[in-house]
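Peer 1: could you look at this predicted model? Sequence included:
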Amino acid sequence: MLFPAFLQILRRAIAPCLLGVALGLATTAVGAAERTVDPKAAPNDFLGAVANNMLDAVKADPKALQGDPTHIADLVRRYAMPYVDMNKTTRLAAGRHWRQATAAQRDALVQAFTGTLIRTYSGAFTKVTADTAITLLPFRGDLQANDAVVRTTISQQNSPPVGVDYRLEQTDAGWKVYDLNVEGIWLIQNYRNQFATEISRSGIDGLIAALNAKQ
Amino acid sequence: MMPTSPTPATPPARHITARTGLALAAAALMVGCAQVPHPSPNDPWESYNRSMYRFNDTVDRAVLKPIATGYETVTPRPVRTCIHNIFSNLGDVWSGINSLLQGRGRDFVDTFGRVLFNSTAGLGGCIDIASMHGARKIPNDFGMTLGVWGFGQGPYFVLPFLGPSTVRDGVGTAVTLAAPATPTAAVFAIDNVPVRNSVLGLYIVDTRANLLEADRLVDQIALDKYSFIRDAYLQRRKAMLDSRQQGARASTADDLDRTASPADSNLPVYEDPDEPAH
């Protein structure tokens, strides 16, 4: 007596979820058209387009959907990196040591740290499923400011949501991302100590080598 | 390190393992007390911490990680999810109590709603049916409660076996281990010793298995794992506390760290070496 009734409740509870997944599949299949990214738009609009294009690209790539890191990294390179100011990211992480670097060292350091950023950002997309969605939280900064934060949540059915924030700067070409926060942890902040230690131990070339050794 | 044992009548076997563990940890302490090249203001005990980190890492690599990896390989994902959800449901009880202690009434009510729903319709917590209906997990712990109550965090402090912590969070952990409404307390309430030990083992393996992915990522991106983990831990705890101190109600796990966190006053300030002084 009790058991069938319980199954009934269970079925009722689960059916909407299944339906939701089916609908999610249907909408991604239909609406995967790429959004146009406008760096001169409001921060949330600009970033929403970049992040959702990235997500749709992962969903459309079967290997990336399985969590294959090299595939996800390729997509990050294509859909996200054009809107990132890696020079600024690297400069801020290096702090005062940046001044002692030669132009060639600076270029090499930016290149090396780009790999780190790509791997970090890719990490947020390893568990994507058809129902994964990006939610943009309401913009709470000053729209006139040159520095802005866009807060997003990547949520999926079977794992806890991942909070991803982006720090943006207004440039002549419009907004550029220069720092990234995954689950409360800012990328630049987390590398400042590591950069300083590595530079004091083996110099800027040593730091470049250490970053490249991670690839 | 653990002040009071949750159960007074502990079998001798546990004492022995605990004692061996502590002795090993103490030995690890004495081994490495190297000079620290770049002292960080948050980490005055870096030399001790690095030794303890190395000790934990060795234990982890020799024992826990292989078991967790094996567990991940042989156990089908739905089974793992179910087991994880059951422990997580038990953990929600303690999170909810902490929300209450922090004066976050809505979080408390929401979390207890989750526990009730998941324990019944979710088959004893096996299915996180509450999350599927939009009632996301609201993580909370006693270290956070102490922070909300105004206790300073103190230096970074790596705990034996348990890893990254601060003095405040270490006290929080000690209280949590002694508290009556946590997953560990639930496990120790089991009378049958073999069953209890198996469930405890499963709890540890489940916890470790859930960190495997983060571990892989850290391996790929960190230059110095010790300082990467330290800085990430301190940043994350600060973001969590900031969000609570700004009084924002967290309706979902994501909101908790999002609503109040960075946007305004708590953004990191970087000195830009390229900027002309003005």
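Peer 2: Looks like it arrived, so ask away.

Peer 1: only C-alpha atoms from now on, for both contacts and neighbour counts.
Peer 2: Will do.

Peer 1: report how many residues lie close to residue 194.
Peer 2: If you meant another chain, say so; for now it's chain A. Neighbour count of A:Gln194, defined by other Cα atoms under 10 Å in any protein chain shown: 22.

Peer 1: switch to chain B, please.
Peer 2: 10.

Peer 1: what about it, distance to B:Gly70?
Peer 2: 21 Å (Cα to Cα, to the nearest Å).

Peer 1: and for A:Glu198?
Peer 2: Taking Cα to Cα, one finds A:Glu198 at 35 Å from B:Gly70.

Peer 1: do B:Tyr270 as well
Peer 2: Counting by Cα to Cα, the gap from B:Tyr270 to B:Gly70 is 43 Å.

Peer 1: same thing with B:Ser227?
Peer 2: With Cα to Cα as the criterion, B:Ser227 and B:Gly70 are 28 Å apart.

Peer 1: who's more crowded, these two?
Peer 2: Between B:Ser227 and B:Gly70, counted using other Cα under 10 Å, the more crowded position is B:Ser227 (20 against 13).

Peer 1: and the gap between the more buried one and A:Glu183?
Peer 2: Noted for B:Ser227: a distance of 17 Å to A:Glu183, by Cα to Cα.

Peer 1: then A:Tyr121?
Peer 2: 12 Å.

Peer 1: export the helix or strand where B:Ala214 lies to CSV, keeping only CA atoms.
Peer 2: Element membership for B:Ala214, per DSSP states H and E: helix B:212-221. Taking Å, rounded to 0.1, in the frame of the first residue of the first chain, the C-alpha atoms of helix B:212-221 are listed here in CSV:
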residue,chain,number,x,y,z
LEU,B,212,40.0,14.9,-6.7
GLU,B,213,39.0,17.2,-9.4
ALA,B,214,40.1,20.4,-7.6
ASP,B,215,43.3,18.6,-6.8
ARG,B,216,43.9,17.9,-10.5
LEU,B,217,43.3,21.5,-11.3
VAL,B,218,45.7,22.7,-8.6
ASP,B,219,48.3,20.3,-9.9
GLN,B,220,47.9,21.8,-13.4
ILE,B,221,48.1,25.5,-12.4
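
Peer 1: what residues of that helix count as buried?
Peer 2: Neighbour counts over helix B:212-221 (16 or more other Cα atoms under 10 Å in any protein chain shown) mark B:Val218, B:Gln220, B:Ile221 as buried.

Peer 1: and the least confident of those residues?
Peer 2: pLDDT across those is lowest for B:Gln220, at 87.

Peer 1: contacting residues around that residue?
Peer 2: Applying Cα atoms under 8 Å, 6 or more residues apart in numbering or on different chains to B:Gln220 gives the contacts A:Arg119, A:Lys214, A:Gln215.

Peer 1: name the SS class of B:Gly103, please.
Peer 2: Secondary structure for B:Gly103, judged by DSSP: H, G, I helix; E, B strand; the rest coil, is coil.

Peer 1: pull the number of nearby residues for it.
Peer 2: For B:Gly103, the neighbour count with other Cα under 10 Å is 14.

Peer 1: B:Gly152 too?
Peer 2: Neighbour count for B:Gly152, taken as other Cα under 10 Å: 12.

Peer 1: gap between the nearest residue to it once chain neighbours are set aside and B:Pro44?
Peer 2: In space, not counting the residues next to it along the chain, B:Gly152 is nearest to B:Arg168; the distance is 7.0 Å by Cα to Cα, 6 or more residues apart in numbering or on different chains. Distance from B:Arg168 to B:Pro44, counting by Cα to Cα: 15 Å.

Peer 1: try B:Gly172
Peer 2: 20 Å.
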